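Peer 1: any chance you can model this:
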Amino acid sequence: LLAPGCLRPTGVAPDQAEVLLESPPETLDGRLGLSSAAMRLSHLVAPGLVRLGEDGRATPDLASSFEVVSPLEWRFHLRPGALFHDGSRVTASDVVASLESVRDPRLKSPAASKLDAIERLVALDELTVQIVLKRPYAPLLAELSLPVFPASLASPDRAAEVGRHPVGAGPFVVRSFPVDGEVLELERFDRYFGGEVGLPRVRVRTVRDENTRLLAWLVGMPLLVVRRWPRLTRAYAVYALGFVAFLCFGLFSVAGQASDWVLVAYSLAFVAIFALFARAHLGQHQVHFLDYRAFAEALRVAIFSRL
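Peer 2: Numbers count the residues shown, from 1 in each chain. Got it, this is the predicted structure:
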């Protein structure tokens, strides 16, 4: 879908990624997010114990490792050097407070039901979290991609504040996120536990019109465009192919030098040639993602490959 680094629009500063979305994220609090945009962008600011890759598999994130002690007990070991954006250390108490807040009815988190199988959460020590289940629950790992915040901010009473300016341990810090959500500005967190971040800034803009997003890419504005453009490009291709076929058929008909079957064959040949050309040409300019998970993964790769 995208090989980060193979294309760089000329209008994008070398130290900034420009991202276009079709709709703004309603919040940056992954506990409350409903849209894919909100969930994927929130992970750049506040990751969870694990993260989900493009293939849907969970891999350690804030947790350096985990172990299944028994079908009803899991233990997660946190990264010793992980820091929140405010400089405080990520501890087991923060993880417990964040996950407990999701289960708190006051937060009204849409993800609350995903943690129903949990009996209790315990901070065994500063860097070890114990999760005891009511019953064996295979999807547990996938659910633990929920964000982790400092315990002082995890309370449901501070949800509105966290939704606009979350303090997480991710690769980016929120610098600007107006109420309308049309423009989100992120800045590199230099003390990110995952290593040096290659992009100092990421600017996320909402451009609802598909034509505008396409034109913006063609003139060299954005680095990444989310979501899909296939409907648009396919429509253009169909119109163009139809016009070419009609033109070819008309020219040969006027000339009167070929039978109907020959005219059809020539028309189909022209259509096939034009289709190959259009596919090759559009493929040089078109960037799209099948879903926001692919977008998040591509952006992560872009960040750490020093575009």
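Peer 1: count the neighbours of Pro150 for me.
Peer 2: Around Pro150 there are 22 other residues, counting by other Cβ atoms under 10 Å. Any C-beta I mention is one placed from the backbone N, CA and C, and that applies to glycine too.
Peer 1: in a helix, it, correct?
Peer 2: No - counting by DSSP: H, G, I helix; E, B strand; the rest coil, Pro150 is not part of a helix but coil.
Peer 1: touching, it and Asp86? I think so.
Peer 2: Yes - Pro150 is within contact range of Asp86, at 6.9 Å (criterion: Cβ atoms under 8 Å).
Peer 1: give me the common contacts of those two.
Peer 2: Taking Cβ atoms under 8 Å, 6 or more residues apart in numbering as the contact rule, Pro150 and Asp86 both touch Val167.
Peer 1: show the end-to-end separation of stretch 161-181, please.
Peer 2: 14 Å (Cα to Cα, to the nearest Å).
Peer 1: can you tell me what sits against it?
Peer 2: Under the contact criterion Cβ under 8 Å, 6+ apart, stretch 161-181 has outside partners 24-29, 32, 42-47, 62, 82-86, 90, 147-150, 153, 183-189, 192-194, 197, 202, 206, 303.
Peer 1: pull out the buried members of the residues you listed.
Peer 2: 24-25, 27-29, 32, 42-47, 62, 82, 84-85, 90, 147-150, 153, 184-189, 192-194, 197, 202, 206, 303 (16 or more other Cβ atoms under 10 Å).
Peer 1: what residue ranges in this protein score low on pLDDT?
Peer 2: For the chain, the stretches with pLDDT under 70 are 1-15, 54, 209-307.
Peer 1: show me where it has its helices.
Peer 2: For the chain, the helices defined by DSSP state H cover 36-45, 92-103, 140-143, 159-164, 210-218, 230-255, 260-282, 292-304.
Peer 1: report the buried residues of the fourth one.
Peer 2: Using 16+ other Cβ under 10 Å as the burial criterion, the residues of helix 159-164 that qualify are Ala159, Val162, Gly163.
Peer 1: format those residues as JSON lines; extra columns: distance to Asp55.
Peer 2: Putting these into JSON lines (distance: Cβ to Cβ, whole Å) gives the following:
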{"residue": "Ala159", "distance to Asp55": "32"}
{"residue": "Val162", "distance to Asp55": "30"}
{"residue": "Gly163", "distance to Asp55": "29"}
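Peer 1: what is the nearest of those residues to Val129?
Peer 2: Val162 (20.3 Å; Cβ to Cβ).
Peer 1: ok, the closest residue to Arg201 other than its chain neighbours - contacts?
Peer 2: Nearest non-adjacent residue to Arg201, counting by Cβ to Cβ, 6 or more residues apart in numbering: Gln16, 4.4 Å away. Contacts for Gln16 (Cβ under 8 Å, 6+ apart) come out as Leu199, Pro200, Arg201, Val202, Arg203.
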